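Participant: Please work out how this folds:
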Amino acid sequence: MCSLGKGKLPENTELVIGGGFQDGTRCVAITRDAHQDMEELESDHEEADTRMLLHAKHSADPGTTIVIQSPDTDVLVLSVTHFVSIASKELWFRTGVKDRLRFVPVHDIVQKLDSSVVQALPAFHAIMGCDSVSSISGIGKTKAWKAMISSQEHQESLSCLGVDVDISDETIEKCEAFVCDIYPSNKKRLKTADELRYLLFCQKKQRNELLPPTSDSLRLHIDRTNFTTYIWRGALNRMQPLPSPEGHGWKIQDGNLTPTLMTKEPAPVGLLELTTCSCKRSEYRQICSCANAGLACTEACACMADESCCNPHGLLD
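Facilitator: Numbers count the residues shown, from 1 in each chain. Next comes the predicted model:
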């Protein structure tokens, strides 16, 4: 609700209200003396984020300047994504309050970005963390942005997200490779999160919470990204006949929609129960905790089970 002075609208002002009625699809135009339903803006969008873009499209023509106001970065991303389709002369994103108020020229941003980057932008924003999809621990969007804009392959992979409500295994694999490339320690250019996670675990240069997610967990994350991006790509459609998000990276638990974090163990059971040693030289075998436990040394041990180790894979007595 908003107050415009004694409950009256200024002369020649039309206020359009979408949503908020008992009928969630209803849209009403209110003037100083009357109101009427706007059938052309009836919409089943659940979020104001996408509905604002639909209203902007309705108000636009090649000579108009439109200002969208929101504190939400999601709306800025949607504004950049759909600017060409909205087809206004200028589109500004107004955000912040008081001395932090600023106007972002969406039209200038679009002009400076390659069309392939604009196409990949909503999926990039969602996969790195948005209102409905979690972020990836320890990885900022700056690193991810550099990895994305430097690779045409990654741009094409992300552009495939949200095209359809169901996602193919091939697209998931390509997006998994993009996430792997974000990690600066991925010098071997590994393409699966499980391989990268194992490598970093063995190197012991990362805290556990900063390891990449498992491939299983990441695929569920990508599925949620795809579903969210599918909604965003359809922001200019009045009606969005969406299936339930259940099964698209979410589940119903105790009557609430919650993310499905994983369907498999975070590591092989043997690794979860693994004993590691701190041996650095082969003559330490007699006090090696791995050998005493009847286990072979592995890359997780201080000796890294290298050639000098007397207890590596396959040599256990």
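Participant: just checking, what packs against the helix or strand where residue 196 lies?
Facilitator: In the assignment (DSSP states H and E), residue 196 maps to helix 193-203. Where contact means 3 or more CB pairs under 8 Å, 6 or more residues apart in numbering; DSSP states H and E, helix 193-203 is packed against helix 169-182, helix 215-233. In this view, the C-beta of every residue, glycine as well, is placed from N, C-alpha and C.
Participant: Quick check: which of those helices is buried the most?
Facilitator: Highest mean neighbour count among the helices and strands packed on helix 193-203 (mean count of other CB atoms under 10 Å): helix 215-233, with a mean of 23.
Participant: contacts for the helix or strand immediately after that one in the chain?
Facilitator: The helix or strand immediately downstream of helix 215-233 is strand 250-253, counting by DSSP H and E. Residues from elsewhere that reach strand 250-253 (CB atoms under 8 Å, 6 or more residues apart in numbering): 224, 227, 246, 257, 258, 259, 260.
Participant: repeat that with 10 Å
Facilitator: Applying CB atoms under 10 Å, 6 or more residues apart in numbering, the contact partners of strand 250-253 are 132, 220, 223-224, 227, 244-246, 256-261.
Participant: the bottom helix or strand of this protein by mean pLDDT?
Facilitator: In the chain, no helix or strand scores lower on mean pLDDT, DSSP states H and E than helix 269-272, which sits at a mean of 58.
Participant: rewinding a little: what residues of the helix holding residue 196 count as buried?
Facilitator: Burial within helix 193-203, assessed by neighbour count using 16 or more other CB atoms under 10 Å, is assigned to 193, 194, 196, 197, 198, 199, 200, 201.
Participant: ok so, going back, of all the helices and strands packed on helix 193-203, which one comes closest to residue 156?
Facilitator: Nearest to residue 156, of all the helices and strands packed on helix 193-203, is helix 169-182, at 8.0 Å by CB to CB.
Participant: quick one: average pLDDT of that closest one?
Facilitator: Taken as a whole, helix 169-182 carries a mean pLDDT of 95.
Participant: before we move on, back to that, looking at the contacts of strand 250-253, state which has the most neighbours.
Facilitator: Within the contacts of strand 250-253, neighbour counts (other CB atoms under 10 Å) peak at residue 227, which reaches 24 neighbours.
Participant: so what's that one up against?
Facilitator: Contacts of residue 227 by CB under 10 Å, 6+ apart are 126, 132-133, 161-162, 165-167, 242-243, 245, 247-250.
Participant: change it to 7 Å
Facilitator: The contact partners of residue 227, taken as CB atoms under 7 Å, 6 or more residues apart in numbering, are 165, 245, 248, 249.
Participant: Mind giving me the ChimeraX select for these, buried ones only?
Facilitator: For the buried members of these, the matching ChimeraX selection, counting by 16+ other CB under 10 Å, is:
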select :245,248,249
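Participant: The strand or helix carrying residue 125 packs against which elements?
Facilitator: Counting by DSSP H and E, the element that carries residue 125 is helix 115-127. Here helix 115-127 touches helix 73-86, helix 141-149, helix 152-159, helix 215-233, going by 3 or more CB pairs under 7 Å, 6 or more residues apart in numbering; DSSP states H and E.
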